[in-house]
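Asker: Task: produce atomic coordinates for the following.
(chains A and B)
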Amino acid sequence: MATKTKTTKKRKPKEQLDGAQAMIKTLADLGVEYVFGYSGGAALPIFDALETVKSDIKFVLTRHEQGACHMADGYARATGKPAVVLVTSGPGAGNTITGIMTAQMDSIPMIIITGQQVTWMLGKDAFQEADIFGITIPVVKHNYLVRETNDLPRITREAFHIATTGRPGPVLIDVPKDISQSPFTGDMNAEIDLPGYNPEASYEIDDQDIEDAALIINAAKRPLILAGHGAMISGAEMELMELATRLNCPVTSTLLGKGVFPETHELALGMLGMHGTAYANKAVCECDLIINIGSRFDDRIIGKAEEFGKNAKIVHFDIDPSEMNKMITPDVQVIGDAKAALKKLLKKVDSLETTSWLEKLDGYKKKFPLSYAKQGGLRMQKVLDEFYELTNGEAIVTTDVGQHQMWAAQFYKNSESFKWISSGGAGTMGFGFPAAIGAQFACPDETVIAVCGDGGFQMTLCEIATACIHKLPVKILVLNNHYLGMVRQWQEMFFDNRESGVDLEGNPDFVKLAEAYGCKGINIKRPADVRKKLQEALAYNDGPVLINAECVKTDLVFPMIPAGAALEDMLTERPKHKMAKPIGST
Amino acid sequence: MATKRKITTADKKPAPRPDLIGGHTLSMYVNNEPGVLMRICQVFARRAYNIDSLVVSQGRDPRFSRLTLGISGDPAGLSQIIMQCTKLIDVIHCFEHMPQDAVVRELAMIKVMVKGGEKRTEVLQIVEHFGGKTVDLTESSIIVRIEGASDKVDAAMRLLVTYDIVETVRTGKVVMARGEGIT
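Answerer: Modelled structure (predicted):
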């Protein structure tokens, strides 16, 4: 028995890695800072490798896989860098779908690693086996089912390359358990091999396209720049500012483009579209040129496609050729990276005389300002407006989806990129709070405000635990109207005010709920208390703080363009007559 | 490697002449890996395009596969489909081929029941006219093979339909660009 200690050998000879360790080493080489995830059987070897491989990677255990995805999403939107999601097979992987779809719709880089049953069990309905490769094809930029252990480093590198270049997006890697725990005998530095993917081409901008664009731009009298998320992703803020100021051209932005051009600038018109500012939408209707930089002409901004910018020439800059002619047929299309394209364009365009055009838009700004009733209870707008004032517009703001999101977009003006984090394309409720956690991990010194509705917050509120454990000073603002307010708004306006499935009766006492997790809670009930209570929340930085604002139950968001209607049919106040049901879009 | 093609306004015009099976002929050069076909089919299905015919085979370089697809559906959306397919990481390139710029061929096997020498002679005459071959012959049946452009196969089928056809199998068209064009 005395020899027992002698016979205890190391499990593996030194330097012998298994697949999972090779993968984690590769992630570390790629500079991954955070892995958000939830463990499980099929992912055991990968979770073990997080412990056995020395690296600076920090793992964050979430309370739900959807939360992990949104955290990685928030991290990526705050930094431009991808984070990794690590979950197990079957239900673990299945729970990531909404998060992956959210990232895909908004072009967010993300790497999702899912554990999987062993290869010889695939297709045999084994425990926690799901064809996550097949399931996720429509919601990823690309995905892999790994079948050779030695492919893991190459595939991981490829996934990063694909996720972060060109038009970014999520990439999923499904790793069967036998693949991750088999010995790795391959080349850690195996080259990526993607013959069908050539994002470098997006930096080669066609000269003729630029000439054509410049010709139209130089002839414009009432130009309008539409700045989208693509401009932000490519880092084209300086070029955009140069273009706008040189052309004396007003700038409107999409929901996701908020901040790429400072909304406080005199040329800024704020957000356009369904709940955009009246003056931005008026500008679209009356301009003679729309320079779209990195927006995909989402249905929420164009309304009725045939009517959109019908008096205008359209120049469309986009990195993704499949966005050309998808919603709107431009007069000139410039395919490629926005920054590279604008640099070229700036050599060809001159100053424009737009004084009367800007005066006209100033008139609209005065006639249709964003406003809200100061009487009749606590309004969400008021809380957001105060938050904006108190943080000088410098906080990172994340949102859920609905009325609070639109009001936040209207009243929290952004002056910088990467500070507005909102689920645009997918419109995912439950996104805001976990995204704020991800953003706070990414930017520990910034003020991060999660603006949530009482509906969306309850979808992912389990992540209060995650925020508490890591003492993240996220300000969780629950704008509580006890309703699914945006749906109720539509029912009031288009369905004879018949409420169906919108009353959130049974809401918990959010402050007590927060306190149960060890999170600070603050109630706001009166407009007069807003400033004081928000100051209290901003001053508390020992962990998350939840602010429950009891707001007016039946307020409506304006301006509003009913779905599928032309931008000219914008409503700026509660309609006096019954409205026809929108049929052009959802 | 071939660069991804940019759409031009010319692409938005409907294709000149739809041939007889489906409207359009697409060729794709793709990675030869499991799952690639699934990705491509989803692009079509999501946008309500039907794949009328599909031929997949390994390319000269075994890392890649060739696909020829016969597609019917709204021509206005086809350039969008082509771009969406091109966007797939596994797709090296995707082109639409117009009949005048490409050689399109397919092969059909047709099983006809023939009771009696007279019918058999008639069927054999038709097959001979179309340059087809008899590939199986029994007392009661013939399997004939017709190959050529899709309209030729269609024409043979139209004549044979008056006989007792019990089964037909068509490969679906394969396409190759003429001259120096890339398929």
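
Asker: Tell me if I am right that B:Tyr51 is in a helix.
Answerer: Quick fix: residue B:51 reads Ile, not Tyr. No. B:Ile51: not assigned to a helix; according to DSSP: H, G, I helix; E, B strand; the rest coil it is strand.

Asker: right, and it touches B:Ile71 too?
Answerer: Yes. With contact defined as CB atoms under 8 Å, B:Ile51 counts as touching B:Ile71 (6.3 Å). Quick note: C-beta positions are derived from backbone N, CA and C, even for glycine.

Asker: neighbour-wise, which of the two wins?
Answerer: B:Ile71 (23 against 17; other CB atoms under 10 Å in any protein chain shown).

Asker: what kind of secondary structure is the more buried one in?
Answerer: Put simply, B:Ile71 is strand when judged by three-state DSSP.

Asker: Now it: closest residue in space, sequence neighbours ignored.
Answerer: B:His24 (4.7 Å; CB to CB, 6 or more residues apart in numbering or on different chains).

Asker: where does chain B dip in pLDDT?
Answerer: Counting by pLDDT under 70, chain B shows low-confidence ranges at B:1-22.

Asker: In it, which helix is the longest?
Answerer: Identified as the longest helix of chain B according to DSSP state H is helix B:117-129.

Asker: hang on, the earlier thing: need the overlap of contacts for B:Ile51 and B:Ile71.
Answerer: Both B:Ile51 and B:Ile71 are in contact with B:Phe44, where contact means CB atoms under 8 Å, 6 or more residues apart in numbering or on different chains.

Asker: need the contact list for residue 78.
Answerer: I'll assume chain A. Under the criterion of CB under 8 Å, 6+ apart, the contact list for A:Ala78 reads A:396, A:418-419, A:421, A:438-439, A:442-443, A:446.

Asker: Chain B was what I was after
Answerer: If you count contacts by CB under 8 Å, 6+ apart, B:Leu78 has them with B:15, B:24, B:49, B:71, B:96.

Asker: For PyMOL, write a command that selects the buried ones of the residues you listed.
Answerer: A single PyMOL command selects the buried members of the contacts of B:Leu78 (16 or more other CB atoms under 10 Å in any protein chain shown):
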select buried, chain B and resi 15+24+49+71+96
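
Asker: Can you list the buried residues in the helix or strand harbouring B:Ser57?
Answerer: Per DSSP states H and E: B:Ser57 is located in strand B:50-58. Of the residues in strand B:50-58, B:51-56 count as buried by neighbour count, 16+ other CB under 10 Å.

Asker: Once you drop chain neighbours, what's closest to the residue of chain B found nearest chain A?
Answerer: Of all residues in chain B, B:Met83 sits closest to chain A, at 3.7 Å by CB to the nearest CB. Nearest residue to B:Met83 in three dimensions, chain neighbours excluded: A:Ser322, at 3.7 Å (CB to CB, 6+ apart).

Asker: tell me the phi and psi of the one you found?
Answerer: Main-chain dihedrals, A:Ser322, degrees, to the nearest 10: phi -70, psi -10.

Asker: Next one, pLDDT for it please.
Answerer: pLDDT, A:Ser322: 95.

Asker: List the residues that contact it.
Answerer: B:80, B:83-84, B:86-87.

Asker: If we use 10 Å, what do you get?
Answerer: Residues near A:Ser322 by CB atoms under 10 Å, 6 or more residues apart in numbering or on different chains: A:167, A:296, A:335, B:4, B:7, B:79-87.
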